[in-house]
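A.B. asks: What follows is a predicted protein model with its sequence.
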Amino acid sequence: MELIDFLQYGFVQRALVAGTFIALLCSTLGIFLVLRRFSLIGDGLAHATFGSVALAMLLNMTPLYVSIPFVMACSLGILKLTENARLYGDAAIGVVSSMGIATGIILSSIAGGFNVDLFSYLFGSILSISTTEVIISTVLSLLVILVIILCYHELMSITFDAESAKVSGINTKLINNIFVLLTAMTVVLSMKVVGILLISALFIFPPITALQIAQSFNMMIICSGLSAIISVVSGIIISFFLDLPTGATIVVMNFILFTAVIMHKKLITRR
């Protein structure tokens, strides 16, 4: 099959559109998460997403509609634990993560055990994404990107020096709340792309790849976005032609790109 023929399939077009928007979203938020050493929040919220998907299946509801408010509440819970319970970020993430997994296992057991639908969310199934899901993902992605643009300077100030940002008059509590809510929404949107178990890779690989080559913060965001889009698009195409799991292939492509950039950087340094 030729690439042109492949691109004419409706399910491929839907996957590429949704994947591109979500890749941009994850790579942009990932920059702030990595620089704040908070990147594992994606993994913690992904585990909470597992619990929300199991709850949706138990209630016979669309997982997206249940997961968004559920995971957003969990993200605020992580933030409150770090502020009020005097827990470090990784400990708070661990609390929410373990409860998400435990809740998911219990609810899936009550609902009749693991089924095909639940596995599609665990391991990703972007090629089966529906038109409605594409529209929802695109609209929400644009909304989140718009909020990031509007809060860009505040987010950057808090990322590099939270104390100075607070002294300068920035409402750090409000910005942090907005930030974790955006992260939660992004995690939910990403679960069909690479799966709940691999979501954190979309937040981590593009930013750390960009960190190797970018000379400025703005360039870092651009490089991170390009890295994410290349990985998602190539992952979708390669997985189809080689009959491989799409989510896992996207993550592997992220790793290959990161490794290639590291090797290229070392070659330049030696010269």
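C.D. replies: It's in.

A.B. asks: V261: which element?
C.D. replies: helix 246-270 (DSSP states H and E).

A.B. asks: which strands and helices sit next to that helix?
C.D. replies: Counting by 3 or more Cβ pairs under 8 Å, 6 or more residues apart in numbering; DSSP states H and E, the packing neighbours recorded for helix 246-270 are helix 199-213, helix 217-242. In short, each C-beta sits where N, CA and C put it, glycine included.

A.B. asks: got the angle between the first one and helix 246-270?
C.D. replies: Computed with axes from the mean of the first three to the mean of the last three Cα atoms, to 10 degrees, the direction of helix 199-213 lies at 20 degrees from that of helix 246-270.

A.B. asks: model confidence over helix 199-213, on average?
C.D. replies: On average, the pLDDT along helix 199-213 is 88.

A.B. asks: Output the contacting helices and strands for that helix.
C.D. replies: Going by 3+ Cβ pairs under 8 Å, 6+ apart, helix 199-213 lies up against helix 10-35, helix 41-58, helix 172-190, helix 217-242, helix 246-270.

A.B. asks: Pull out the buried positions in it.
C.D. replies: 199-211 (16 or more other Cβ atoms under 10 Å).

A.B. asks: cool, and the longest one?
C.D. replies: Using 16+ other Cβ under 10 Å as the burial criterion, the residues of helix 217-242 that qualify are 220-221, 223-237, 239-240.

A.B. asks: Report the contact partners of K80.
C.D. replies: Contacts here follow Cβ atoms under 8 Å, 6 or more residues apart in numbering; on that basis K80 touches nothing.

A.B. asks: Helix or strand: which one has it?
C.D. replies: helix 63-84.
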